[in-house]
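Engineer: give me the fold of what follows.
(one chain, ligands or ions: 1)
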Amino acid sequence: MAVERTLAILKPDCVRKELIGDVLRRIQDAGFTILGLRMTRLSKREAEGFYAVHKGKAFFDELTTFMSSGPCVPVALEKENAIADFRALIGATNPKEAAEGTIRSDFAGSIGENIVHGSDSVANGQVEINYFFDQATLVANEPVG
Ligand code: GDP
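Structural biologist: The predicted structure is shown next:
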């Protein structure tokens with residue numbers, strides 16, 4: 001299996017509920033390596049840019065208002081099969097449909113406030129990581145040994 005990178009975002013509800021540590025613990029327990037991590041508050045415009053693929057959908061304004069409502073924590077992650085494995089770890093978009101034991105099933109309140117983002121493809125993962133991190137920083141953070 002190929003080593004892949006994915007972008008996680010611990011969303012504003014995760015930060016507000018003081019779940020940063022719990023969610024990072026689960027991510028690390030699942031074998032992901034953290035290559036980059038920061039806390040930031042997105043402007044409405046930045047949230048619209050990040051979720052541009054959803055522009056025009058009924059939930060776009062609600063989504064981007066929520067994503068800019070408070071600080072979030074983007075995390076660049078690496079692992080074999082990272083894209084699929086991270087989506088499995090977080091569960092379905094709607095927490096009511098998420099498998100038992102997944103992050104969204106255990107922590108999320110609604111489809112709009114679902115604790116965590118995960119990239120849906122290797123190509124998108126790269127684009128999304130670049131939205132928040134300098135490539136040089138990630139290289140410098142690669143594990144030694
Ligand atoms: P994801 O890849 O599982 O995050 O899901 P999508 O890429 O399809 O959607 C992006 C985000 O938009 C989701 O994580 C949800 O927070 C939000 N979203 C998706 N569908 C809905 C919806 O029907 N209503 C609301 N309020 N938010 C939604």
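Engineer: which stretches of this structure form strands?
Structural biologist: According to DSSP state E, the chain carries its strands in the segments 3-10, 33-37, 73-80, 116-118.
Engineer: all helices for the protein, in order.
Structural biologist: For the chain, the helices defined by DSSP state H cover 12-16, 20-29, 44-50, 60-67, 82-90, 103-107, 122-132, 135-140.
Engineer: and the ones you listed: which comes nearest the ligand?
Structural biologist: Distance to the ligand, taken as C-beta to the nearest ligand atom, is lowest for helix 60-67 among those, at 4.6 Å. Every residue, glycine included, has its C-beta placed from N, CA and C.
Engineer: list the buried ones in that closest one?
Structural biologist: Counting neighbours by 16 or more other C-beta atoms under 10 Å, one finds that the buried residues in helix 60-67 are 60, 63-64, 66-67.
Engineer: list phi and psi for the nearest residue in space to Ser105 that is not next to it in sequence.
Structural biologist: Leaving aside its chain neighbours, Ser105 sits nearest to Ala98 (3.9 Å; criterion: C-beta to C-beta, 6 or more residues apart in numbering). Phi and psi for Ala98, reported as degrees, to the nearest 10, are phi -80, psi 140.
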